[in-house]
Every structure is written in structure tokens, then in C-alpha cells.
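Trainee: show me how the following folds:
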Amino acid sequence: MKIIGVVPARMAASRFPGKPLHRIAGRPLLEHCFLRGRLFDRWDGYYLATCDEEIRAFAEEKGFPVIMTADTHTRALDRVAEAAGKCGLDLAADDVVVCVQGDEPMMRPDMIDAVVKPLEEDAAVPATVLAMEIVDEDVFRNPDIIKIVHDVKGDVLYTSRSPIPYCEALTPDVGALRIYGIFAFRWHFLKWFTGEPESPLEIREACDSNRICDNGGRQRIAHYPYIPSFSVDSPADLEKVEAYMKDDPLSGTY
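Mentor: Numbers count the residues shown, from 1 in each chain. Predicted structure coming up:
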């Protein structure tokens, strides 16, 4: 089973234009994400995917493999699927394509292990998403953070920007989880996913995973214990992320 990784990036992010090349702790955000993802040691191929010449030029300067994609994609997974189809590897139906989001500068390579593991252990699992515990009330209420509810098997039932499951105050027994920006798909399932139109709940919540739920598909959560780790969703996140990265164990190692 081949495993390939794709880091999708575009300059025209709706909430933070130019975000991929904004510097954090001395490096562009995208560079942190790509280098941390590259620490996973089982890639058969690992690429940047973009529609922007600025990002292509940055990638070529750094020696990062880059695949140019259409500028019409509004969802990261559609860009990932196009790049996977252009990567030059002969992907079989059950090979795994991992989307490593380009706005998670505190990502760790064992998170990629976590999303790949259910696909290796169970041939019936078609897709996974990294799910991290929520321990802070402000994160639980933050509409920039996508929350997950799942069934007893660990398959996603629904994702929302609202605080779910409902509770008056966040406590450990609530079991609140957030999506962390690493997704894995069997190649055949990613092609099915991108062949479907955006679904009603996907549009309502602005979350790709609801396209799977809306169409009766399955996506298994890959549980990861809480660590201080923050995505960059808006300019307001930069100072917080940079402060936490000073004590991050991978900082300075790549």
C-alpha cells in the first residue's frame, strides 16, 4: 500500500489572504507545515499543491516537490485529489492519500501515523480524520474550530462550527473533539468524494467532512490526545501560535 502526502495551499484564503507565506518564528507558515509533515518517514511521495505562482516559486527555491492545480478549487481536498492524480505514481484503489493542511504549523509526524493506522488495520475503512480532544471552553465555543460528533465505532456523524455535543459548560465527560487538519483517504474514495457536488451541510458548516456524511459515506476518527497546538485561521492567531512554538519540542529540529 503506497502512502502519499499532499499539502494544499493558496494565497487567496478567504479569512487571511497571503497566509501561506506569512512568517512565523522566522519561517513562512507553509514551510513549517511542509517540513514537519516531511518528518513522517513512510511517504512514497510528498508534495505541495497550489494554483499560485508565488507558492510555486517558493517551493522550487526550497527544493520542495510542487504540483500546479486549477485555480477554481474552493475546497482543499479537491486540490489534493487533482495533485494526487498528477503526482506520477501509479496509485492503486486502496493506496492512501493524506491531506496535510498548510495552516497547522505545530503538527507532529506521529499525527500522520495516527490517521494512516486505521486504514492499515481495517480494509473496510475508506477515510480518516485526526480528532483532538478539546479542553478549553474558548476553543469549544470558537466558530473557527470545527467540532466532531461520532458513533460508537468512531465514524463521524456530523461536524460543526457550533459547540457540539451540547453542554452548558465544557467538562471532560462531554468528550468534545475538534478536527485537526490531517485527513487520509483511500484513493478510490477520494475520487468518489471529489466527484460528488458540495452537499447542503458541507456548505452550511463550511466543512468538507459533511459531504461524506450527507452522502452516506464513512470517515473514521483517528483519536489524538490533547497537546497545545493551534492552527492559523486569521491574523489574530499569529501571536498566540508563535508564543507556543517557542516551547514546542520540534521547533529548531527541522
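
Trainee: please make it C-alpha for all contacts and neighbour counts, starting now.
Mentor: OK.

Trainee: and residue 128, what helix or strand is that in?
Mentor: Secondary structure assigned from DSSP states H and E places residue 128 in strand 127-133.

Trainee: how far does whatever helix or strand comes next after that strand sit from its chain's centre?
Mentor: Tracing the chain C-terminally past strand 127-133 and defining elements by DSSP H and E, one meets helix 137-141 next. Between the mean C-alpha location of helix 137-141 and the chain-wide mean there is a distance of 20 Å, by C-alpha atoms, centre = their mean, to the nearest Å.

Trainee: next one: stretch 189-206
Mentor: Averaged over its C-alpha atoms, stretch 189-206 has a centre that lies 15 Å from its chain's centre (C-alpha atoms, centre = their mean).

Trainee: note down every partner strand of the strand holding residue 128 and its orientation.
Mentor: Using DSSP bridges, strand 127-133 pairs in its sheet with strand 177-186 (antiparallel), strand 220-224 (parallel).

Trainee: what sits up against the shortest one?
Mentor: This means strand 220-224. Residues external to strand 220-224 that are found in contact with it (C-alpha atoms under 8 Å, 6 or more residues apart in numbering): 111, 114-115, 118, 125-133, 150, 154-156.

Trainee: nearest to residue 253, of the strands paired with strand 127-133?
Mentor: Nearest to residue 253, of all the strands paired with strand 127-133, is strand 177-186, at 21.1 Å by C-alpha to C-alpha.

Trainee: now do the buried residues in that closest one.
Mentor: By neighbour count on 16 or more other C-alpha atoms under 10 Å, the buried set for strand 177-186 is 177, 178, 179, 180, 181, 182, 183, 184, 185, 186.
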